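Q: need a 3D model of the sequence below.
(one chain, ligands or ions: 1)
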Amino acid sequence: MMKNKIMFFLCFIVMAFNVTKVDVYICGPSGAKKYHYSETCRGLGNCKHEVVKKTLPEAQSLGLTLCGWED
Ligand SMILES: [Zn+2]
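A: Numbers count the residues shown, from 1 in each chain. Got it, this is the predicted structure:
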């Protein structure tokens, strides 16, 4: 019984961590319109700039929207 509670708690911590600390990738330091969850996304494949890593809230605060290739 106690073990189940600990497992549940650990799962909760892992889920909370994933939600609050999501990294996304954008093309170039500026001018990007989209962010990508995957660094190898096909939407980033034709990026001519350096791929920059940001956190999801940062990307959203820059007015970026999720890439059309991803959900
Ligand atoms: Zn993408």
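Q: within range of the ion, give me the residues from the chain.
A: Residues of the chain lying near the ion by C-beta under 5 Å from the ion: 36, 41, 43, 67, 69-70. Placement of C-beta: from N, CA and C, glycine included.
Q: may I see these arranged in JSON lines, with neighbour count as well?
A: Putting these into JSON lines (neighbours: other C-beta atoms under 10 Å) gives the following:
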{"residue": "36", "neighbour count": "23"}
{"residue": "41", "neighbour count": "18"}
{"residue": "43", "neighbour count": "17"}
{"residue": "67", "neighbour count": "22"}
{"residue": "69", "neighbour count": "14"}
{"residue": "70", "neighbour count": "14"}
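Q: now, which of the residues you listed sits nearest residue 56?
A: residue 36 (10.9 Å; C-beta to C-beta).
Q: so the closest one touches residue 42, yeah?
A: No - counting by C-beta atoms under 8 Å, residue 36 stays clear of residue 42, with 9.4 Å between them.
Q: name the residues contacting each of these two.
A: Counting by C-beta atoms under 8 Å, 6 or more residues apart in numbering, the shared contacts of residue 36 and residue 42 are residue 69.
Q: strands of this structure, start to end?
A: 23-27, 34-35, 51-55, 65-66 (DSSP state E).
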